[in-house]
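**Q** Okay, structure incoming, though there's no sequence with it:
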DNA sequence: AAATACGATATATTTTTCTGGATTAGGATT
DNA sequence: AATCCTAATCCAGAAAAATATATCGTATTT
């Protein structure tokens, strides 16, 4: 049920997972119960507008009304900042998370069979673990891992996996030689989704 | 009640009024009852997320989650298109709406007393009525008039009236001599609102 | 003056959210 | 093996939203 709000809720969930926030932690900040959030995220119930606002505000997101005509432009803006330039490299690699991710990939490989994309992800993760990585970059990695976790069992996981592999690869490149692997277009046309 | 969603709902309402859609017409397109919409708009009840989505989709709006950090940029984008360049001038002046607006201003003047801003609005409206005006421009005018109607009785109507007067003035200038009265910055910093 | 359109309200019924707490199940950590 | 954290689920009850109609006051139109 609740087909219209599906993608919005999925988006909120992705952000929550990428930020490493648990449902419980979020529930406290947003003033809702964990049970409530679980049901919302799993589509068992439809939140009220204000509940959803509370929830997303606690994730540093703002719910906005955008004229349909400029939805692609806004999407472009958002995507552009989701993969920022990443210069400062200070943080520690967060080995736990990498280990978890590598375990996940291993599991996927033996479940669905090995694939070029999975191999690529595995290798890139190994590389990234050994490198000093900025907080922003680590955040991107977390986001990608969370996506991978979410869609591992999904029917059409393949394109998602491919996208994740590409994103990780680009991150790796931008670190390996801090040169222009791709100029990264600021924001432009961006095919609308569903 | 329902303080978080207030501005979102107000925005939806402004768009509805600017587009000249009645609550009834909207209710049919969105699949809600007119009573329902009235209560939502007047803050007597809090819509469910999906109800609100239905409502705003019917207004050619899309509800999006935007990282707080780029809210100003998105606001800028939206505002920039709300006052577009306006070149094509074909439509008819829509005299009915102008007449209605002028009546409103007259009423306000005798109620709250005359003010420089009201005078300016009155004069600009007279000018605009006599000119060939594009659909887009007419849409802007409608939006401004709707705002005026909404805030006429409000406690702090003054700044709103001033803003409306300014917007109309700018529109008038851009028509009078299609020259650069102001280069209109594409989109940039934009002070957040409430 | 009568008809029409608009938005706000009223009422009654049905449905759903939301809370609160408790529990279950899976992984990960120790 | 035992513990901890996360997410999903269940249950009960209170609160609020959604639906369906109908009416009212006011303005505008004919």
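**A** Yep, it's here. Since the structure is predicted, the reported quantities are computational estimates derived from the model, not experimental observations.
**Q** So which residues on chain A come close to DNA strand C?
**A** By the rule Cβ under 7 Å from any atom of the strand, the part of chain A lying against DNA strand C is A:2, A:31-36, A:40, A:45-48, A:50-51, A:96, A:99-100, A:103-104. Heads up, the C-betas are built off the backbone N, CA and C, glycines and all.
**Q** Any chance of a ChimeraX selection covering the buried ones in these?
**A** Those of those that count as buried under 16 or more other Cβ atoms under 10 Å in any protein chain shown are selected in ChimeraX with:
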select /A:2,32,36,40,46,47,48,50,51,104
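**Q** Just checking the strand or helix carrying residue A:105 against DNA strand D, any contact.
**A** Using DSSP states H and E, residue A:105 falls within helix A:95-112. No: remark: helix A:95-112 sits outside contact range of DNA strand D, by Cβ under 7 Å from any atom of the strand, the gap being at least 11.8 Å.
**Q** Report all helices and strands that that helix contacts.
**A** Under the contact criterion of 3 or more Cβ pairs under 8 Å, 6 or more residues apart in numbering or on different chains; DSSP states H and E, helix A:95-112 touches helix A:116-129, helix A:135-151.
**Q** Sketch out the low-pLDDT regions of chain A for me.
**A** A:1-2, A:82-93, A:153-156, A:177-194 (pLDDT under 70).
**Q** How about the residues of it by chain B?
**A** Within chain A, the residues that sit near chain B (Cβ under 8 Å from any Cβ of the partner chain) are A:2, A:4-5, A:8, A:11-12, A:15, A:46-54, A:56-57, A:60-71, A:73-74, A:77-78, A:81.
**Q** Among those, name the buried ones.
**A** Neighbour counting with 16+ other Cβ under 10 Å marks A:2, A:5, A:8, A:11-12, A:15, A:46-54, A:56, A:61-67, A:70-71, A:73-74, A:77-78 as buried within those.
**Q** filter these down to the ones near DNA strand D?
**A** Restricting those to those touching DNA strand D (Cβ under 7 Å from any atom of the strand) yields residue A:48.
**Q** Give me the domain ranges for chain A.
**A** Domain ranges of chain A: A:6-63, A:95-176, per automatic domain parsing.
**Q** Relative to residue B:173, which of these is closest?
**A** Evaluated over the domains of chain A, closeness to residue B:173 peaks at domain A:6-63, with 33.1 Å, by Cβ to Cβ.
**Q** so how far is that closest one off the chain centroid?
**A** Mean-position distance between domain A:6-63 and its chain equals 15 Å (Cα atoms, centre = their mean, to the nearest Å).
**Q** returning to that earlier point: mind putting the helices and strands packed on helix A:95-112 into JSON lines with mean neighbour count and distance to DNA strand D?
**A** Output for those, formatted as JSON lines (neighbours: other Cβ atoms under 10 Å in any protein chain shown; distance: least, Cβ to the nearest atom of the strand, whole Å):
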{"stretch": "helix A:116-129", "mean neighbour count": "18", "distance to DNA strand D": "21"}
{"stretch": "helix A:135-151", "mean neighbour count": "19", "distance to DNA strand D": "9"}
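**Q** For DNA strand C, what is the nearest residue in chain A?
**A** Residue nearest to DNA strand C within chain A: residue A:48 (2.6 Å; Cβ to the nearest atom of the strand).
**Q** can you tell me which of the residues of chain A next to chain B are in helices?
**A** Among the residues of chain A next to chain B, the ones falling in helices (DSSP state H) are A:8, A:11-12, A:15, A:49-54, A:56-57, A:71, A:73-74, A:77-78, A:81.
**Q** State the distance from the residue nearest the centre of chain A to residue B:113.
**A** By Cα atoms, centre = their mean, chain A has its centre lying nearest to residue A:143, at 3.2 Å. Look at residue A:143 and residue B:113: by Cβ to Cβ, to the nearest Å, they are 57 Å apart.
**Q** again with residue A:175
**A** Separation of residue A:175 from residue B:113 (Cβ to Cβ): 66 Å.
**Q** picking up where we left off before, okay, angle between the helix holding residue A:105 and helix A:135-151 too, please.
**A** If you take axes from the mean of the first three to the mean of the last three Cα atoms, to 10 degrees, helix A:95-112 sits at 30 degrees to helix A:135-151.
**Q** which helix is the longest one in chain A?
**A** Every helix in chain A considered (DSSP H), the longest is helix A:157-176.
**Q** Which elements pack onto that one?
**A** By 3+ Cβ pairs under 8 Å, 6+ apart, helix A:157-176 packs against helix A:116-129, helix A:135-151.
**Q** Dump those helices into a markdown table; add distance to residue B:159 as well.
**A** Shown next, in a markdown table, are the helices and strands packed on helix A:157-176 (distance: least, Cβ to Cβ, whole Å):
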| stretch | distance to residue B:159 |
| --- | --- |
| helix A:116-129 | 52 |
| helix A:135-151 | 39 |
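**Q** Those helices: which one's closest to residue A:160?
**A** helix A:135-151 (4.4 Å).
**Q** Report all helices and strands that the closest one contacts.
**A** Packing partners of helix A:135-151 (3+ Cβ pairs under 8 Å, 6+ apart): helix A:6-18, helix A:95-112, helix A:157-176.
**Q** hang on, the earlier thing: more neighbours: residue A:175 and residue B:113, which one.
**A** Under the neighbour definition other Cβ atoms under 10 Å in any protein chain shown, residue A:175 and residue B:113 were set side by side, and residue A:175 has more, 17 against 8.
**Q** re the thing from before, CSV please, covering the domains of chain A and showing distance to residue B:151.
**A** Shown next, in CSV, are the domains of chain A (distance: least, Cβ to Cβ, whole Å):
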stretch, distance to residue B:151
domain A:6-63, 23
domain A:95-176, 42
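**Q** what about stretch A:23-38, near DNA strand D?
**A** Yes: counting by Cβ under 7 Å from any atom of the strand, DNA strand D is contacted by stretch A:23-38 at A:23, A:24, A:25, A:34, A:35, A:38.
**Q** quick one: the second one and residue A:33 touch, right?
**A** The reference is to residue A:24. No: taking contacts as Cβ atoms under 8 Å, residue A:24 lies outside contact range of residue A:33: 9.3 Å.
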